[in-house]
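>>> Pasted the sequence and its predicted model underneath.
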Amino acid sequence: MTGQHDIRLMLADVDGALVTQDKILTEQAIGAARALRKAAIALAITSGRPPRGMSMLIAPLALDTVIAGFNGGVLVNPDLSVIESHTLDPAVARRALKVILDKGLDAWLYTQDEWLIRDRGAPHVAREAWTVKFEARVVEDFGESDLAHAVKIVGISDDLALVAECEKAVQDALGDQASAARSQPYYLDVTHPLANKGAVVGTLARLLGISPRQIATIGDMPNDVLMFVKSGFSIAMGNASDEVKAKASAVTDTNENEGFAKAMERFILPAAAKEGEP
């Protein structure tokens, strides 16, 4: 399958797509970013991570566009100055927490600046701290002040079927008052309704003065499907589920086998080269 013509921006998910399972940004991925830049295609990144949890990618990728943290909950410039922030309604955050905890999942809360947890020894806390390069603050419970500043609530469990079940339960409970989607098989992200990757496509199109049809997207998880359907061309990683792959325009290799770089070489850069021919 050939790529979409007239692509002006490549919007990439981070974990499971741009980096390996060990959270490594490979030289091939960096080279692909360089090739995009040479072809006059901007590169932007979006993730469930907080913005500062993506700061280590800015220099090697030479990013000069908007960075969408918390699935679009907080949009920042490459210097991490805030452009837009979407905070959950406190009552909605409280209801999301209740559903998550009632289902038996652990819960984290992110504000614009902090990551709050209830148990430093809980599953995935150490791994998350290593990934985002900063530590959480332990609280006995999430108070009203925390809820008033929540940009993301996360439900966590290694029972992956339970996480999927909780995703539907939160969606049913909150409706259009929040966006709820899995960012990893073991993470359920709950954010403001405007804080989803589909909305990120629209925001980037507006900020850059281009059409959403001129944006290509790449990712691996159900929350990436939201940006697939809004963009002109979408690529699912080889490590994505069949459900996610079915929603994409094309499928590349896995993130362990240079899927991002291969996707740029196969689907995005050839079309850009043809457009540049006299």
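That came through, no problem. Since the structure is predicted, the reported quantities are computational estimates derived from the model, not experimental observations.
>>> rest of the way, CA atoms for contacts and neighbours
Fine.
>>> Report the contact partners of Arg118.
Going by CA atoms under 8 Å, 6 or more residues apart in numbering, Arg118 touches 107-108, 138-141.
>>> could you flag which of these are buried?
107-108 (16 or more other CA atoms under 10 Å).
>>> quick one: what helix or strand has Val200 in it?
Assigned by DSSP states H and E, Val200 belongs to helix 197-208.
>>> Show residues contacting that helix.
Residues outside helix 197-208 that contact it (CA under 8 Å, 6+ apart) are 11, 46, 66, 68, 71-72, 211-212, 215, 223-231.
>>> Swap in 7 Å and give it another go.
Here helix 197-208 makes contact (CA atoms under 7 Å, 6 or more residues apart in numbering) with 71-72, 211-212, 223-224, 226-227, 230-231.
>>> before we move on, the earlier item: tell me the one of the contacts of Arg118 nearest Ala96?
Closest approach between the contacts of Arg118 and Ala96, by CA to CA: Ala107, at 9.7 Å.
>>> Please confirm that that closest one is located within a strand.
Yes. According to DSSP: H, G, I helix; E, B strand; the rest coil, Ala107 belongs to a strand.
>>> Who wins on neighbours among the contacts of helix 197-208?
The most crowded member of the contacts of helix 197-208, judged by other CA atoms under 10 Å, is Asn71 (34 neighbours).
>>> Next SSE downstream of the helix holding Val200?
Using DSSP H and E, the helix or strand that follows helix 197-208 towards the C-terminus is strand 215-219.
>>> which strands and helices sit next to that following strand?
When contacts are defined as 3 or more CA pairs under 7 Å, 6 or more residues apart in numbering; DSSP states H and E, strand 215-219 packs onto strand 9-13, strand 233-236.
>>> winner for burial among those?
Of all the helices and strands packed on strand 215-219, strand 233-236 has the most neighbours on average by mean count of other CA atoms under 10 Å, namely a mean of 28.
>>> quick check: mean pLDDT across it?
The pLDDT scores in strand 233-236 average 98.
>>> Alpha carbons only: can I get the helix or strand following that strand in PDB?
The helix or strand immediately downstream of strand 233-236 is helix 242-245, counting by DSSP H and E. C-alpha atoms of helix 242-245 as PDB (Å, rounded to 0.1, in the frame of the first residue of the first chain):
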ATOM      1  CA  ASP A 242      -6.000  -6.900  15.300                       C
ATOM      2  CA  GLU A 243      -8.700  -4.500  16.400                       C
ATOM      3  CA  VAL A 244      -6.400  -1.500  16.200                       C
ATOM      4  CA  LYS A 245      -4.800  -2.700  12.900                       C
END
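>>> Show the subsequent helix or strand relative to helix 242-245.
strand 250-251.
>>> partners of that following strand, with directions?
Strand 250-251 has its sheet partners listed here by DSSP bridges as strand 233-236 (parallel).
>>> rewinding a little: to Pro78, which of the helices and strands packed on strand 215-219 lies closest?
Short answer: strand 9-13, nearest of the helices and strands packed on strand 215-219 by CA to CA, at 14.8 Å.
>>> Describe which strands that closest one pairs with in its sheet and in which direction.
strand 42-46 (parallel), strand 215-219 (parallel).
>>> Can you tell me which of the ones you listed is packed in deepest?
Greatest burial across the strands paired with strand 9-13, using mean count of other CA under 10 Å, falls to strand 215-219, with a mean of 30.
>>> circling back to that earlier point, include distance to Ala59 when you put the strands paired with strand 9-13 into a markdown table, please.
Shown next, in a markdown table, are the strands paired with strand 9-13 (distance: least, CA to CA, whole Å):
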| stretch | distance to Ala59 |
| --- | --- |
| strand 42-46 | 13 |
| strand 215-219 | 20 |
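>>> so can I have JSON lines of those showing mean pLDDT and distance to Thr191?
Shown next, in JSON lines, are these (pLDDT from 0 to 100; distance: least, CA to CA, whole Å):
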{"stretch": "strand 42-46", "mean pLDDT": "98", "distance to Thr191": "14"}
{"stretch": "strand 215-219", "mean pLDDT": "98", "distance to Thr191": "19"}
